[in-house]
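>>> quick one, structure for this:
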Amino acid sequence: MPNTQELMLNRELGLIEFNRRVLAQALDERLPLLERLKFLCIVSSNLDEFFEVRIAWLKEVVDHTPDRILPDGTTPLEALDHVANAARELVLEQYGIMRESLFPALHKANIFFLRRSEWTEQQQQWIHDFFFRELMPILTPIGLDPSHPFPKVLNKSLNFAVELDGRDAFGRQSGIAIVQAPRILPRVIRVPAAICDGHRHVFVFLSSMLHAHVHNLFPGMTIKGCYQFRVTRDSELNVEDEDLKNLRTALQGELRQRQFGDAVRLEVADNCPAHMEEFLLTQFGLEKRDLYRVDGPVNLVRLMQVPDLVDRPDLKFAPFVPSLPAELENKSGLFEAIRQGDILLHHPYQSFQPVIDLLGLAGSDPQVVAIKMTVYRTGTDSVLMDSLIAAARAGKQVTVVLELMARFDEEANISWASRLEDAGAHVVYGVFGYKVHAKMLMVVRREDGLLKRYVHLGTGNYHPRTARLYTDFGLLTCKEEIASDVNDIFVQLTGLGRASELNLLYQSPFSLHTMIIRSIEREIEHASAGRPAQIIAKMNALLEPQVINALYRASSAGVKVQLIVRGVCALRPGVPGMSENITVRSVVGRFLEHPRIFYFYNDRQENLYIASADWMGRNFFRRIETCVPILDAKIKRRLIKEGLRAYLEDNVNSWEMQPDGSYRRRVARGRAHCAQEQLLAEYAR
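Predicted structure coming up:
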């Protein structure tokens, strides 16, 4: 049996590799220019969360259990060093693409980012006036001395370390001041076309404005240097169950401290001198390994606003209108259509509107008596939540299982919880210690004197905006076996008692992992008996060791295993004697690939499932997830075609994983196959 290092790849390095694939989109000249800029920004956003969560976790392990051996066989400190080096290489590549590829291309397209050395006299005057009108009144420079200690610096905020010479009006001479840029102001500011030779898309960075006028904040002092910096902090929330009375109250207390968690990364401009780097590292309790020098703005995420400011449709993806399923056209109503047969929704190619309509109808239909729904992420402005509130006010029995611990959506969910309760809805927070990640909606309707249940089960969140950006599947059904299972899970979440055996659904943390292992083992049995055996699975991440080991056994037995894993994968494909029958692909394109689809050939029975869960330990054992079998033959064929085969054939946005964890982009030989473009064309209205 191979050793641990040969069996498992490092999770954090896998996430770096995923972001490398995203960054490659920024270089792809087949894509519209402003969309390439967005991909550059997405990498920065992803890296922020990576440091806030994964690096923060890794540093905590280094501090508290340094002798622990990680799944890939490394110690925490070894892993931290490897990951820091890989992240630094990625950041250097990212800024190089910005400077050498994107900015020159934007310049050719008459979209300009003016450097201070390029400002004309008119522009200098306009920027000077803007600074004193919009910036100066809200800046608070802090000169460091015994009365002014180093300030609390907010997580991911833009700051400037200013070196000074001379004495102020009180005779003080500290030498260093900190200026914090207000978060309320945009980081990219449009300059009027009238002073830019008629060009409508000319921008200047807020940081450039502040650099140019920082001397106005320290009258009579000499500015020796002004250096951008940004600190990233641990953003995990720690809510202990000891003496916990109210999860929402406890979480609100933790959220107030999130902005000031332990520092995990320091970004500085490349002109920052060594002595200032050391000073800042000391202030934040960081080491040289945690320092990232950048040749450009220290927060590229803020460039994400630029495409919205630029009216150039030719530099953006062509808009599209999602279609409606044929089953919902020319029907007397949504409930009637579902009664006639299960309906599969494939987002974003097909509209999310049927889900919105289902909730809207439920709130106004006098025959509907109850609505139950899980909510993980839904955003701060959600028509779905508004419908739930309206339904509760209309007297419907509304129950919402709201996950308060959805990372970075906690504040929005707490706000929704209050509004729902004020409207009379029953709001529960699931089971403490287990995140409710299942996507379930149930509407109970009185028909012919009996109660009938209509259900939606999905792979993605109830979030109308991401339903246009992420690919996902949803199933609308009124099958009694499924509806009964969904109801039983809601009873688990809101009440107390043992988990009942379900009719058709599989559920984490009780039965899903066992089902996946058994399904893999069954394919091994078929292969060992000389029968065809195949597994195809699509997901966001593959990390769970028992599943990975089962897949290795399947490969050794001759089972053909085809995995489509968008993000991190700890399995090594293509290793002789261990995984030569396993391939791993990752598809990165216009839409974020988000569905979880599991296919097992099972001697021609073709067992097919959609689920809310990835193949990760947290999804199998520490979350409440659902997995539903697809029984309708027509829907099964469609899911296999659209959700699996199209992506196995993709040779435009597809990357093939190598045994060492690196990826190679597939090159189209002959006809190009792009799954996302084909599906857009198929469902175009």
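
>>> how about the helices in the stretch 151-300 of the chain?
Ranges of helices in the stretch 151-300 of the chain, per DSSP state H, counting those that start in this stretch, are 206-213, 247-258, 274-284.

>>> pick out the shakiest of those, pLDDT-wise.
Sorting these by mean pLDDT places helix 247-258 lowest, at a mean of 52.

>>> could you check the pLDDT of G171?
63.

>>> who does K560 bridge with?
Beta-bridge partners of K560, counted by DSSP bridges, are Q534.

>>> that one contacts E523, correct?
No. Taking CB atoms under 8 Å as the definition, K560 is not a contact partner of E523, at 9.0 Å. Using the backbone N, CA and C atoms, a C-beta is placed for each residue, glycine as well.

>>> more crowded one of these two?
A direct count of neighbours by other CB atoms under 10 Å for K560 and E523 places E523 higher, at 29 against 17.

>>> ok so the more buried one is a strand residue?
No. E523 is assigned helix when assessed by DSSP: H, G, I helix; E, B strand; the rest coil, not a strand.

>>> find the nearest non-adjacent residue to it, please.
Once flanking residues are discounted, E523 sits nearest to A533: 4.3 Å by CB to CB, 6 or more residues apart in numbering.

>>> contacts only, for the one you found.
Counting by CB atoms under 8 Å, 6 or more residues apart in numbering, A533 makes contact with 523-524, 526-527, 554, 557-560, 601.

>>> tell me which helix or strand T399 sits in.
strand 397-402 (DSSP states H and E).

>>> domain ranges for the chain, per the record?
7-109, 137-299, 326-503, 507-683 (automatic domain parsing).

>>> any chance of the ones you listed in JSON lines, plus distance to H128?
Output for the domains of the chain, formatted as JSON lines (distance: least, CB to CB, whole Å):
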{"stretch": "domain 7-109", "distance to H128": "24"}
{"stretch": "domain 137-299", "distance to H128": "7"}
{"stretch": "domain 326-503", "distance to H128": "36"}
{"stretch": "domain 507-683", "distance to H128": "41"}
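
>>> about what we covered before: which neighbours do K560 and E523 share?
Shared contacts of K560 and E523, counting by CB under 8 Å, 6+ apart, come down to 533-535.

>>> what is the nearest of these to I414?
Among the shared contacts of K560 and E523, I535 lies closest to I414 (CB to CB), at 40.7 Å.

>>> so what's the residue count around the closest one?
I535 has 25 nearby residues by other CB under 10 Å.

>>> so how far is I548 from the closest residue to it other than its chain neighbours?
Residue nearest to I535 in three dimensions, not counting chain neighbours: V561, with 4.7 Å by CB to CB, 6+ apart. To I548, V561 is 11 Å away according to CB to CB, to the nearest Å.

>>> cool, K156 as well?
K156 is 34 Å from I548, by CB to CB.

>>> just how off-centre is stretch 438-453 within its chain?
Distance, stretch centre to chain centre, for stretch 438-453: 32 Å (CA atoms, centre = their mean, to the nearest Å).

>>> buried stuff in it?
Residues of stretch 438-453 classed as buried: 438-445, 452-453 (neighbour count, 16 or more other CB atoms under 10 Å).

>>> give me the subset of these that lies in strands.
In this view, the buried residues of stretch 438-453 that belong to strands under DSSP state E are 440-445, 452-453.

>>> ok, so of these, who is nearest D386?
Using CB to CB, those come closest to D386 at L441, 14.9 Å.
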